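Peer 1: coords please:
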Amino acid sequence: MTALKIVLTGATGGIGSAMAQSFARAGHRLILLGRNSDALAALQGRLQEPSRHQIMLADLSSAATIASIAAKLAAMGEIDVLINNAGLSDFGLVADLQDDAIAQMLQVNLLAPMRLCRALLPLLSSSGNAAIINIGSSFGSIGYPGFSAYCASKFGLRGFTEVLQRELADQPIAVHYLAPRAVRTTMNSPAVMAMNKELGNREDEPEIVAAAALQLLTQRRSSSRYLGWPEKLFVRLNALLPNVVANALKKQLPTIRRYATQHRGH
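Peer 2: Numbering: from 1, shown residues only. Sure, this is the predicted structure:
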């Protein structure tokens, strides 16, 4: 595989760190974006050939910050791949949601990828191996109780990715939507992990997502890929027969409510 220059947001999270290590082992050069400089430096130090990679402190919560990031990236030269991985989640019932949590999730999970894609398209267009990978979720296709703002942000990211795939269909930029099921990372609170265990919701290791992302780098045609069984089936079923999925989730509501209220400390 040709060595690619990859911009990776949310690099120090569970999925981001796994992707960074996988990509580095494959010989790619990385620009790692994150909010914690110490964590970024530690991650860089763990990568194969650390000096090949760069780190960039980045808070993706504002348009001005993203514009500044884009300018810095442009000054670094050509970019082959943008991976929008940074994400936030907040577990709780709609009645308990806080305005700042809603705004932050939409900013980081949806608006930041949209702004970064727009800003970096000129750089990507000059690459012969250009790709965008937006890390979505099965919750971007299934409205799951307790995750309203997260679902809304990922539904939006899925829609944006679909539009971008179609707008760039006649250009040599592959646009991918990669949707994992639940992943075992610190983004999931203890309440969420306990709920998943009780309900039998399976969780993947971050390395599963990293392997899928690495595979997408070799695909020159845009695609949407969903990970995990039976979650892939539920995504299709929810699109065709949403009432079937709604009835199944209704049976889980007492358990979801119990953990959601515990999580909020009620």
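
Peer 1: Restricting to C-alpha, output the lowest-mean-pLDDT helix or strand in the chain in CSV.
Peer 2: Scoring the helices and strands of the chain by mean pLDDT, DSSP states H and E places helix 63-75 at the bottom, with a mean of 89. Output in CSV follows, covering the C-alpha atoms of helix 63-75 (Å, rounded to 0.1, in the frame of the first residue of the first chain):
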residue,chain,number,x,y,z
ALA,A,63,-15.6,27.3,13.5
ALA,A,64,-12.8,29.7,14.2
THR,A,65,-10.6,27.0,15.7
ILE,A,66,-11.3,24.7,12.7
ALA,A,67,-10.4,27.5,10.3
SER,A,68,-7.1,27.9,12.1
ILE,A,69,-6.4,24.2,12.0
ALA,A,70,-7.1,24.0,8.3
ALA,A,71,-4.7,26.9,7.7
LYS,A,72,-2.0,25.0,9.6
LEU,A,73,-2.6,21.8,7.7
ALA,A,74,-2.5,23.6,4.4
ALA,A,75,0.9,25.0,5.4
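
Peer 1: Report all helices and strands that whichever helix or strand comes after it contacts.
Peer 2: Per DSSP states H and E, the first helix or strand lying C-terminal to helix 63-75 is strand 81-84. Counting by 3 or more Cβ pairs under 8 Å, 6 or more residues apart in numbering; DSSP states H and E, the packing neighbours recorded for strand 81-84 are strand 5-8, helix 112-125, strand 130-135. The way it works is simple: take the backbone N, C-alpha and C, and place the C-beta from them, glycine included.

Peer 1: Can I get these in CSV including distance to residue 58?
Peer 2: Converted to CSV, the helices and strands packed on strand 81-84 look like this (distance: least, Cβ to Cβ, whole Å):
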stretch, distance to residue 58
strand 5-8, 10
helix 112-125, 9
strand 130-135, 16
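
Peer 1: With mean neighbour count added, can I get the ones you listed in a markdown table?
Peer 2: Written out in a markdown table, the entries for the helices and strands packed on strand 81-84 read as follows (neighbours: other Cβ atoms under 10 Å):
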| stretch | mean neighbour count |
| --- | --- |
| strand 5-8 | 25 |
| helix 112-125 | 20 |
| strand 130-135 | 26 |
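
Peer 1: The least confident helix or strand of the chain to helix 112-125, inter-axis angle?
Peer 2: Per axes from the mean of the first three to the mean of the last three Cα atoms, to 10 degrees, the angle that helix 63-75 makes with helix 112-125 is 20 degrees.
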